[in-house]
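In: Please work out how this folds:
(chains A and B)
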There are 2 protein chains.
Amino acid sequence: MEKQLFANCGINCAACPADQVTKEGGDLDAIQTAIDLVKSSKVAFLGSNGADGYPNIKAMLELATNGLETMYFSSNTSSRRVADLRANPKACLYYVDTDHFIGLMLVGEIEIVSEQATKDQLWRTGFERYYPLGKTDPDYSILKFTAKWGKLYNGGKYVKCFHIQA
Amino acid sequence: MEKQLFANCGINCAACPADQVTKEGGDLDAIQTAIDLVKSSKVAFLGSNGADGYPNIKAMLELATNGLETMYFSSNTSSRRVADLRANPKACLYYVDTDHFIGLMLVGEIEIVSEQATKDQLWRTGFERYYPLGKTDPDYSILKFTAKWGKLYNGGKYVKCFHIQA
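Out: This next block holds a predicted model:
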């Protein structure tokens, strides 16, 4: 299904952190900036909820992306993070360009993908280091992130909020 | 009060994510690596809990640190993040050296510091951009993070877990 992106929803939007939404602009430049940042980033920071209620962060190597809507990562099935994400799929991703003070937070949910075709497609040379049994290693899991909304920061100040809807 | 750092607590530690604790080593090299990473990082990634239950991440400029125990940042008092942290002080910090694949997560709590002396001490040239009224701007808040435990990742694999206790 084609997804649509809505920028600058306005002050009274219920879905995004409306108190910080600026009124400036109405164009889609912010979304293009966000897409470019995701494309140029090798690493994304994944935020998840620990079982103890504390937020957790880890840097993840991005395997594939589709605009601002979906991102794929790999992780060890046996890891605590995968267990945490199974228990609570609420997550966020953060991308940053520290040279230009641009930051992007995407908020959404993580699904653990068990489909072998996806695992085959996203396998990378060198993954044997983490998953010794190869593409069918039961400890090789794919994390699929689906975004619901995002916030783009530019120059250390909040700029734009946008929604991602099916 | 002098704080103590304990590395390699072992597999059955209740406080840290014990399922991932490796048994290798017993020295404090991991803690020194972590301290060096914090010292050399200009930016830390702050994880917090949104009111909707989703984790949030934002890059923060670090104003001051004390080893692995306490870190200071500034934020706008009126921001949603400060409101979220007042409602739920559980937080984490993430530091990364992408050149060497070293990552550090510190888990702990955030306190909003209102003491003027601390605000004066941590004020930086250029902060007028964010807090136009200067050091006494009511919108100028200091966030003090106090760590409880940490995890150091090295080379993409988990390495060491340690506790930070008073």
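
In: only C-alpha atoms for contact and neighbour calcs from this point on.
Out: OK.

In: which of the residues in the longest helix along chain A are buried?
Out: Identified as the longest helix of chain A according to DSSP state H is helix A:29-40. In terms of neighbour count (16 or more other Cα atoms under 10 Å in any protein chain shown), helix A:29-40 has its buried residues at A:30, A:31, A:33, A:34, A:35, A:37, A:38.

In: tell me which of the residues you listed is nearest to residue A:90?
Out: residue A:38 (19.8 Å; Cα to Cα).

In: Residue A:95 is in contact with the closest one, correct?
Out: Yes: Residue A:38 sits in contact with residue A:95 when judged by Cα atoms under 8 Å, with a separation of 6.6 Å.

In: Mind listing what's buried along stretch A:126-138?
Out: Buried residues in stretch A:126-138, counted by 16+ other Cα under 10 Å: A:130, A:131, A:134, A:135.

In: quick one, helices of chain A?
Out: Assignment of helices within chain A using DSSP H yields the ranges A:29-40, A:80-87, A:116-122.

In: With distance to residue B:103 and mean pLDDT added, can I get the ones you listed in TSV?
Out: Below are the helices of chain A laid out as TSV (distance: least, Cα to Cα, whole Å; pLDDT from 0 to 100):
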stretch	distance to residue B:103	mean pLDDT
helix A:29-40	20	85
helix A:80-87	15	93
helix A:116-122	23	97
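
In: wait, which of the ones you listed is closest to chain B?
Out: Nearest to chain B, of all those, is helix A:80-87, at 7.1 Å by Cα to the nearest Cα.

In: Got the phi and psi for residue A:133?
Out: Backbone geometry at residue A:133, expressed as degrees, to the nearest 10, gives phi -90, psi 0.

In: Distance check, it against chain B.
Out: According to Cα to the nearest Cα, to the nearest Å, residue A:133 and chain B sit 17 Å apart.

In: what's the pLDDT at that residue?
Out: If you check residue A:133, the pLDDT there is 96.

In: And it, how close does it get to residue B:106?
Out: 32 Å (Cα to Cα, to the nearest Å).

In: now do residue A:65
Out: Using Cα to Cα, residue A:65 is found at 28 Å from residue B:106.

In: quick one: which of these two has more around it?
Out: residue B:106 (29 against 16; other Cα atoms under 10 Å in any protein chain shown).

In: Apart from its chain neighbours, what residue comes closest to the more buried one?
Out: The shortest distance from residue B:106 to any non-neighbouring residue, by Cα to Cα, 6 or more residues apart in numbering or on different chains, is to residue B:150 (4.3 Å).

In: hey, what's that neighbour bridged with?
Out: Assessed by DSSP bridges, residue B:150 has beta-bridge partners residue B:106, residue B:162.

In: Write out the residues of chain A neighbouring chain B.
Out: Within chain A, the positions near chain B by Cα under 8 Å from any Cα of the partner chain are A:17, A:19-20, A:47-49, A:53-59, A:79-80, A:90-94, A:96, A:103, A:105, A:107-108.

In: Recalculate using a threshold of 6 Å.
Out: Contact residues (Cα under 6 Å from any Cα of the partner chain) of chain A with chain B: A:47, A:48, A:54, A:55, A:90, A:91.

In: Tell me where chain A has strands.
Out: For chain A, the strands defined by DSSP state E cover A:4-7, A:43-49, A:55-61, A:64-66, A:70-76, A:90-97, A:102-113, A:140-154, A:157-165.

In: Cool, thanks, signing off.
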